[in-house]
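Q: Any chance you could fold what I've pasted below:
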Amino acid sequence: MNRETILTGGPGGRILTNANVWSADGEWILFDTRSDPAGAIFDGTQIRAVHIESREVRTLYESRNGAHCGVVTCHPTEAKAVCILGPEFPTAEWSYGPSRRQGIVLGFDGTVQNLDARDLVPPFTPGALRGGSHVHIWHPNGDWVSFTYEDEVRKDGQRNIGISYPNRPVTVPNTHPRNRDGAYFSRLVTRTTASPRIGSDEISRACEEAWIGSTRRLAFQGTIHTAAGPVVEVFLVEPLRQGFVQHRLTNTTRRQFPGVQGPRHWLRSSPDGSKIGCFMKDDRGVVQFFTVNPTGGEPQQATDGPAPMASAFTWHPDGHRVACIVDGSVCSIDTAAGTVTRLTPKSDEPPRPEACVFSPDGTQIAIVRTIAGCNQICVVEAG
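A: Next up is the predicted model:
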């Protein structure tokens, strides 16, 4: 078994995001301080970093005025990160929620700036959002930022995917107390509808997106509606000269267990963009790892074992392996051969399922274990 090292200790909340938790130099792992093990309660007030070698823990950011922060991800090449910030001075009428959060960019030198602007009053400012952004992921080039979104003005609960563009600051009028300026220009790039036609490619929800390699395309999970009920398929959205076009990549409605299934996970692309990873059930009902070609075609089943995939996953930089929790162990999965290799012993108390994240050089995997009732940040040698 590979060596596992516990980097943190003592009481307190520690939550990893599902990807991009390592600093660009691979020396630090960033996390937030939400109190419950799953991170479902958005009550953290700090973004922290633990050093891999010295185990020093630094506070990079602390929210103020009753706001909470979390879901931090790192820039691919620079010493900065982005996270969610909830409302400052929250009230009963304006408390934290999917449409009432924003992204903030955190420099490791202590600088802070709003990612997205917000404008809640017509005629609305171009480049500003009317709602909340979530799970911000920089493009591998380090410029554009993707996010999921829910609208505050429309209040229909639909999720969409958006992109924020740098060096295009947005200034909004002071027509609402919750309006704010932003350093990035933001726009939505997917199309959802509250009442999709049964059997069509129309979707009611777009979420859990991934950049496809170094291209400007995004893969995402889109919920279609069939006579038998909703099904989550893999979709793609890509820029055109004007606007974006949305494609459906998978059609699994005739499978015994259709659609993306299993533990909550984000689609993730291999570094070269040739494969999109996701989870689906095989004909036995076991959640397996599948790959989807960005040009379309049938999903390809990679694993075929009796134990289901049990966590979010990330790709090794070589594009041939993914890291995931399987059967109580941190495992390395060869996506071509389908072999699942245990890196840690099987445990009745496996690592948390929210994150299993390769380091930038592929030598280590960041995970969270709940030890004596508290989450701790750990690293496993990848082999």
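Q: any idea of the mean pLDDT in stretch 306-319?
A: Model confidence over stretch 306-319 averages 98 on the pLDDT scale.
Q: same deal with stretch 128-143?
A: 98.
Q: quick check, distance from that stretch to the centre of its chain.
A: Its chain's C-alpha centre lies 11 Å from the corresponding centre of stretch 128-143 when counted by Cα atoms, centre = their mean, to the nearest Å.
Q: May I have the distance across stretch 230-249, first residue to last?
A: From the first residue to the last, stretch 230-249 extends over 16 Å; the measure is Cα to Cα, to the nearest Å.
Q: Contacts made by that stretch with the rest, please.
A: When contacts are defined by Cβ atoms under 8 Å, 6 or more residues apart in numbering, stretch 230-249 is touched by residues 161, 189-191, 201, 203-204, 206, 212, 215-225, 250-253, 258-261, 267, 276, 278, 292-294, 296, 299. C-betas here are computed from N, CA, C, even on glycine.
Q: Stretch 173-188 too?
A: 87, 94, 100, 102, 105, 113-121, 125-129, 133, 145, 147, 149, 160-166, 168-172.
Q: Which of those fall in strands?
A: With strands identified by DSSP state E, the entries of the contacts of stretch 173-188 that belong to them are 102, 105, 113-114, 117-118, 128-129, 133, 145, 147, 149, 160-165.
Q: Would you confirm that Gly222 contacts Ala206?
A: Yes: contact criterion Cβ atoms under 8 Å: Gly222 and Ala206 qualify, at 5.3 Å.
Q: joint contacts of the two?
A: The overlap between the contact sets of Gly222 and Ala206 (Cβ under 8 Å, 6+ apart) consists of 190, 235.
Q: So for the two, which sits in the more crowded spot?
A: Remark: of Gly222 and Ala206, Gly222 carries more neighbours, 33 against 26, as counted by other Cβ atoms under 10 Å.
Q: those strands in the stretch 151-300 of the chain, which residues are they?
A: Secondary structure of the stretch 151-300 of the chain, counting by DSSP state E, counting those that start in this stretch: strands at 159-165, 185-188, 206-211, 218-226, 229-239, 244-248, 268-269, 276-281, 287-292, 300-301.
Q: Go through the ones you listed and name the closest to Thr335.
A: Using Cβ to Cβ as the criterion, the shortest distance between Thr335 and those is 6.2 Å, found for strand 287-292.
Q: Between the two ends of stretch 335-343, how far is it?
A: End-to-end distance for stretch 335-343: 16 Å, by Cα to Cα.
Q: now swap in stretch 304-320 and tell me
A: End-to-end span of stretch 304-320 (Cα to Cα): 17 Å.
Q: Tell me the buried residues in it?
A: Applying a neighbour-count criterion of 16 or more other Cβ atoms under 10 Å, the buried positions in stretch 304-320 are 305, 307-316, 319-320.
Q: With stretch 79-87 instead?
A: 80-87.
Q: could those go into TSV alongside distance to Arg14 and pLDDT?
A: As requested, the buried residues of stretch 79-87 are exported to TSV (distance: Cβ to Cβ, whole Å; pLDDT from 0 to 100):
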residue	distance to Arg14	pLDDT
Lys80	21	98
Ala81	16	98
Val82	19	98
Cys83	14	98
Ile84	16	98
Leu85	19	98
Gly86	19	98
Pro87	24	98
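Q: Next, format those as TSV and append distance to Val340.
A: Supplementary listing: the buried residues of stretch 79-87 in TSV, determined by distance: Cβ to Cβ, whole Å:
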residue	distance to Val340
Lys80	35
Ala81	32
Val82	33
Cys83	32
Ile84	33
Leu85	38
Gly86	38
Pro87	43
